[in-house]
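Q: Return atomic coordinates for the entry below.
(chains A and B)
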Amino acid sequence: MADRVIYATYDDDHTLLEGAKKLVADGVHITDVFSPFPIHGIDPVIGVKHTRLGIVAMMFAVTGLMLAVIGFRYFMIADWPMNIGGKPNFSLLQNYPAFVPVTFEFTVLFAAHGMALTYLLRNKTLPGMPADNPYPRNTDDRFTMEIRLSDNHGMSSDDLHAKIKKTGIVEIEEKDYVVIK
Amino acid sequence: MHKEAAIREPLILGHKTYSDITEDVCRSIEGKAPRAWYIMFGVSLLVGLYGIGCILYLLGTGIGTWGLNKTVEWAWDITNFVWWVGIGHAGTLISAVLLLFRQRWRMAINRSAEAMTIFAVFMAGLFPLIHMGRLWVGYWVLPLPNQFGSLWVNFNSPLLWDVFAISTYLTVSVVFWYIGLIPDFATIRDRAKGALSKKMYGILSFGWSGRAKHWNRFEIVSLVLAGLATPLVFSVHSIVSFDFATSVIPGWHTTIFPPYFVAGAVFSGFAMVQTLLLILRKGMKLEAYIHTKHVEYMNIVIMVTGSIVGVAYLTELFISWYSGVEYESYAFINRATGPYWWAYWSMMTCNVISPQLMWFKKLRRSLLFTFFISIVVNIGMWFERFVIIVTSIHRDYLPSSWSMFYPTWTDIGIFIGTIGIFFAFYLAFARYFPVLAISELKTIVKISGESYKNGTAPGHDDHGGGDHHSTPVVEEAPAVEHKEESTEEE
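A: Below is the predicted model:
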């Protein structure tokens, strides 16, 4: 049997947050929430884990830093040492003060772009990707909860409807679950 | 929900619902552009095309078409470069530094200020590129293996640091700006009526759907990018100042340059933001979002950074005397009393005196006065770079080679042209892009919106929830009743 999904729509972020708390306390599993802006405090309620993108940024930063150091050693010390005003061109460490600015820039370049790319790939938000918000107004002023029946085995569709309707919704709809991306 | 002190002025005037914000920002994108837009865009485009013509002439003929000579070998080109980079400092400062300091007033201005930053850095990058003379070998600034033996670029040189600083700054600013734009493009996409605009904004919005997990990632990405961009902003103009400070030219060889340049950059950047936003808010009817308080905040930044710049000027003067170095003293006496005295005193008047007027509350809250001062500051900051560059080198160590700099029409044409291209870009941005950060403004409307602060918002109650629709107040009653019912059931 195809999975069914209930879309419960609210017109206020606070009402949704309170509703979500109540539903979760009732044992309902909320799969996802679509909103026009971040709802603060929703993540722990519906069990969204904190992102690890910060660690990704750190990893890219270290990569950039190491590449810069390796590059400087090769370009400026090993391959073709240049005598510039008698500056130490034989030792990476002694010549390093002059390389600090570019080391910093390269680290930032890697961290920022690496994290941004990972973010886009993980979100599956790339040029030409289809959007999968259930209603167009989810990007305007409507906040929608996605509750899948397959995630709530103990409850019938009618049970869920009854519970959801108590939380100040403005609209509720049940349909077949379709994976868009 | 987070509460804000009642004495703080609201950041969004009147009563705005979520859909009002969407509506207000999208109106100008979806509607027809006013005649004034076409006129301004046409003029900017013509001026820009003239500038491009001058650049092509320069590339075809050579750098000799500029007014440079043996003594003054850097003049308007580098002046324009530093001026544009300086202007390009406000946007990322607003979005990154103010984000780290949790300044909510940034949300009304960050999008357009970042756009300004990106376009200004484009213009800035143009000057070193065309100053190479042979644009087509521009890739020589990159450390690439080449056919001339194993010769690499010189990483000891601040000019090369500049290449890395400016390109990192430009690309990181674009990424930061675009990541914020994606959810707002999705808003426009979901409202778009025409097939073409739906398709275009569909591509631009990257298929954003506003899932909770995505917003969670969005917030951390914004925060980390802000954390990375903050030192980046400061590093970029410090490195630009190293171009001068690491040389042995009297007037350039000073350790005060990096902080002084950064303050000057923020100063001129905010002035340009004021110039553009004062027109934009009026033209696009965004007075409720960008109002006197925002202008006042920006004027305070202008006042503070202008004062730092003033102190730096005076310190430079003092040190040139106190150092006892004759060349250094002469460089500064020559600036103030030599043949370029008018440039020096224009700089002093525009940059030191004018920001001090912002101490008066009446003046810094006056939009007309702000607009006037923002233009004055822009002119003053251009003169600052001109004074630093040209007057420091036009009288060098050997009096027989002293000379003056006279700009040619190519110099003038390219400079005016970049202003035209810049405005053409900015106007195109204002027409097709969301000029305010829609999703960010929605997060503050209940905290800093006027109607929510003074309790006049329909259906507004203490816990900050409140039902409010874009529908008139009369139809509000059932929604409120519904809310009360649900509370009783608890």
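Q: Tell me which residue of chain B lies closest to chain A.
A: Using C-beta to the nearest C-beta, the single residue of chain B nearest to chain A is B:G207, 3.1 Å away. Just so you know, the C-beta spots here come from the backbone N, C-alpha and C atoms, and that holds for glycine as well.
Q: Who are the contact partners of that residue?
A: Listed by C-beta atoms under 8 Å, 6 or more residues apart in numbering or on different chains, the contact partners of B:G207 are A:124-126, A:128-132, A:181.
Q: one more time with 7 Å, if that's ok
A: If you count contacts by C-beta atoms under 7 Å, 6 or more residues apart in numbering or on different chains, B:G207 has them with A:124-125, A:129-131, A:181.
Q: thought A:D151 was touching A:T31?
A: Yes - using C-beta atoms under 7 Å, A:D151 is in contact with A:T31, at 5.7 Å.
Q: neighbour count winner among the two?
A: Set A:D151 next to A:T31 and count neighbours by other C-beta atoms under 10 Å in any protein chain shown: A:T31 wins out with 18 against 14.
Q: ok, the more buried one touching A:E146?
A: Yes - with contacts counted by C-beta under 7 Å, A:T31 reaches A:E146, the gap being 4.7 Å.
Q: Which pLDDT does the model give the nearest residue to B:A245 once chain neighbours are set aside?
A: What sits nearest to B:A245 in space, not counting adjacent residues and going by C-beta to C-beta, 6 or more residues apart in numbering or on different chains, is B:F257, at 4.0 Å. Looking at B:F257, its pLDDT is 92.
Q: related to what we said a few turns ago, from the contacts of B:G207, which are also near chain B?
A: Cross-checking the contacts of B:G207 against chain B (C-beta under 7 Å from any C-beta of the partner chain) gives A:124-125, A:129-131, A:181 as the overlapping residues.
Q: Now list the buried members of those residues.
A: A:124-125, A:129, A:131 (16 or more other C-beta atoms under 10 Å in any protein chain shown).
Q: Roughly how far does A:R137 sit from A:Y177?
A: The gap separating A:R137 from A:Y177 is 20 Å, by C-beta to C-beta, to the nearest Å.
Q: Which one of the two is surrounded by more residues?
A: Counted by other C-beta under 10 Å, A:R137 and A:Y177 do not tie: A:R137 has more neighbours, with 22 against 14.
Q: Might you report the residue contacts of the closest residue to the more buried one other than its chain neighbours?
A: The spatially closest residue to A:R137, leaving aside those adjacent along the chain, is B:D190, at 7.2 Å (C-beta to C-beta, 6+ apart). Applying C-beta under 7 Å, 6+ apart to B:D190 gives the contacts A:136, A:139-140.
Q: How many residues are close by B:W359?
A: 11.
Q: actually B:I87, not the one I typed
A: B:I87, neighbours per other C-beta under 10 Å, totals 28.
Q: circling back: and the residue nearest to A:R137, what's its pLDDT?
A: Taking B:D190 on its own, its pLDDT is 89.
Q: Check which helix or strand it maps to.
A: helix B:158-191 (DSSP states H and E).
Q: After that helix, heading C-terminal, what element do we hit next?
A: helix B:195-204.
Q: Buried ones in the next helix-or-strand element following that following helix, by neighbour count?
A: The element immediately downstream of helix B:195-204 (helix or strand, assigned by DSSP H and E) is helix B:212-245. The neighbour-count check on helix B:212-245 (16+ other C-beta under 10 Å) flags B:212-218, B:220-222, B:224-230, B:232-245 as buried.
Q: In what element of secondary structure is residue 117 found?
A: Just going to use chain A. If you go by DSSP H and E, A:L117 is part of helix A:100-123.
Q: hm, I was asking about chain B
A: Applying DSSP H and E as the criterion places B:T117 in helix B:110-131.
Q: Kindly report the same for A:M145.
A: Using DSSP H and E, A:M145 falls in strand A:143-148.
Q: Please tell me how far the residue of chain A positioned farthest from its centre sits from B:N216.
A: For chain A, the residue at maximal distance from the C-alpha centroid (C-alpha atoms, centre = their mean) is A:G86, at 49.9 Å. To B:N216, A:G86 is 54 Å away according to C-beta to C-beta.
Q: Chain neighbours aside, what residue packs nearest to residue 124?
A: Here I'm looking at chain A. For A:K124, the nearest residue in space outside its immediate sequence neighbours is A:K181; the separation is 5.3 Å by C-beta to C-beta, 6+ apart.
Q: sorry, should have said chain B
A: Spatial nearest neighbour of B:A124, excluding adjacent residues (C-beta to C-beta, 6+ apart): B:W84 at 3.6 Å.
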